[in-house]
Each structure stands twice: as C-alpha cells, then as structure tokens.
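S.K.: could you look at this predicted model? Sequence included:
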Amino acid sequence: MAIEVDKLTKLYGKQRALNSISFQTSIGRIIGFLGPNGAGKSTCMKVLTGILPFEAGSVKVLGMDVSNQALALKKRIGYLPENNPLYLDMYVQEALSFEADLHMIANKQQRIREVIELTGLQAEQHKKIHQLSKGYKQRVGLAMAIIHDPEVLILDEPTTGLDPKQIIEIRNLIKTLGKEKTVLLSTHIMQEVEAICDEIIIINKGELRLQIAKAELASQFPGMSMEEIFVQHSN
Ligand SMILES: Nc1ncnc2c1ncn2[C@@H]1O[C@H](COP(=O)(O)OP(=O)(O)OP(=O)(O)O)[C@@H](O)[C@H]1O
C-alpha cells in the first residue's frame, strides 16, 4: 500500500480537525483528495509527510510508520505545501541546489538539470524566484518536491491561482510524474480530478465521505457531474 491511514484523529486545541478517519490507497495511482474548505485535507497531508504530530490512530506511507520512521520516510516522499512557500531571494538553481544538499544527492548538478528539464524551467532557471510568474513558482516548488526522486508525491492545491494555460501545463506535469509515482493531490478544481485522477477521496469535517475509483463514478453516480458528487458528499 502507498498510504494507510487508520482511525487518525488530529486535534487543534479542542477542535477535531481529523476525526478517526481511515483510508488506504495502492501504489502508482493519482488520487484526488477533495473536500470543502476546512475539511482537513491540508492537516491530513501534513500528517502523511511526518511533519505534524497527531493524537490517535496510525499512519503508514509505503509501509513505514510516520510517527517513528519520519526521517527515513522523508527520503521517499515529496511535498508541495499549500501556498508553496519558497525562498524568494534565491535564484532558481540556488534553491534547487539547497534542496539537493538537504537530501545529500549525489550527482547534484546532473539531477538539477534533470528536474529543470522535467518541470520546464529551462528558460527561467537563471532568475531569482521572486521574478517568476506564479505558474513558474509552482514549477520551482514541484522541482524541489521531486529533486530526490520520491516514490510518493503529496501536492496541496498545486494549481490554485494559476491562469488556465498554466493550470493545463502544471496538470500535464503532474500527469507525467504520476506515471512513475503515487500522487496525492488536493484540489478544488473538479475538471482537474476528471482529467488526471485514477481515484477520488472526499473528506468532510475530518471524516471520510467517499473513496471511489474514477472508472466507477459513472456506474455509482449515473448522470451526476463531479461537482454534484462533490456537493452531495460535502454536506
Ligand atoms: N495550525 C492550526 N491551528 C488551529 N486550527 C487549525 C490549524 N490548521 C488548520 N486548522 C483548522 O483545522 C480545520 C481543517 O483545516 P485544513 O487546513 O486541514 O483544511 P483544508 O481541507 O485543507 O481546507 P482548505 O480547502 O481551505 O485548504 C480548519 O477548521 C482549520 O481552521
């Protein structure tokens, strides 16, 4: 299994952001991770990356326990956080070099060249990050997330705020990455889910509302659009 979440509960003070949620996903799929604002998607993603402690339950990624194997797991997970926090004063190459050093990557320059090509950053690679458009900043975030060639990619709203052309470009990039990796992708864009996901998880109020293969949507919810299915499971 790529991801195994079992009765996971996460509290912020008294607020139950995740309420005994359980789900599993197999390796090599692109999973759309959906839910209304405040559903707990980002919280769950942070738990999966091992950066956020939780109160109860068990969470495994690639069979490894996030609570006690977090460091080893970070080598196998790539994470693009919501709002893509980047060091804006760094040059693109400098940021990638910094990230590569954190992962102690051998053949660093070669790997930087590879991810620059993969993410389509060639023309912008000599700029400072603050000089880039939002779409190109997203590409830098993705390049940093994949520099260590992780098996699992966790992408928190990677296309939010991009123009339609950039959305399509980033989406194609995610699709390409998804050929080799398991991708957990949160998004509010239902077209995106239809375009690239193999599987869909909808959560609401910290609980699982639906998990379904995209191929089964039409037979399980005949005549319903993805938006309608989302709304039905978000109340
Ligand atoms: N650091 C925090 N401290 C306190 N409460 C938090 C914190 N982070 C998130 N929350 C709360 O936990 C709940 C779940 O938030 P989360 O960001 O996980 O939702 P989300 O599904 O990612 O939402 P969105 O689609 O708006 O990004 C929300 O009510 C939010 O206000």
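M.R.: Structure received.

S.K.: going by C-alpha atoms from here, please, whenever you check contacts or count neighbours.
M.R.: Will do.

S.K.: residues from this structure in reach of the ligand?
M.R.: Proximity of the chain to the ligand (Cα under 6 Å from any ligand atom) is limited to residues Tyr12, Ala17, Gly35, Pro36, Asn37, Gly38, Ala39, Gly40, Lys41, Ser42, Thr43.

S.K.: if we go to 5 Å?
M.R.: Tyr12, Ala17, Asn37, Gly38, Ala39, Gly40, Lys41, Ser42, Thr43 (Cα under 5 Å from any ligand atom).

S.K.: next, the residue positioned nearest the centre of the chain: phi, psi?
M.R.: Note on the chain: the residue nearest the mean C-alpha position is Leu155, at 1.7 Å, using Cα atoms, centre = their mean. The phi/psi pair for Leu155 (degrees, to the nearest 10) reads phi -120, psi 110.

S.K.: against Leu62, how distant is it?
M.R.: 17 Å (Cα to Cα, to the nearest Å).

S.K.: same check, this time on Asp6
M.R.: On the measure of Cα to Cα, Asp6 and Leu62 end up 14 Å apart.

S.K.: in this protein, which spans are helices?
M.R.: Assigned helices in the chain, in chain order: 41-49, 70-74, 92-102, 108-118, 134-146, 164-178, 190-196, 217-220, 226-232 (criterion: DSSP state H).

S.K.: could you check the angle helix 108-118 makes with the longest one?
M.R.: Translated: helix 164-178. Inter-element angle recorded for helix 164-178 and helix 108-118: 130 degrees (by axes from the mean of the first three to the mean of the last three Cα atoms, to 10 degrees).

S.K.: just to revisit the earlier point, now mean pLDDT, distance to Phe23 and mean neighbour count too, for the helices of the chain, in TSV please.
M.R.: Output for the helices of the chain, formatted as TSV (pLDDT from 0 to 100; distance: least, Cα to Cα, whole Å; neighbours: other Cα atoms under 10 Å):
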stretch	mean pLDDT	distance to Phe23	mean neighbour count
helix 41-49	98	11	22
helix 70-74	93	19	17
helix 92-102	97	31	19
helix 108-118	96	31	17
helix 134-146	95	24	23
helix 164-178	92	20	17
helix 190-196	94	18	17
helix 217-220	97	18	12
helix 226-232	97	18	15
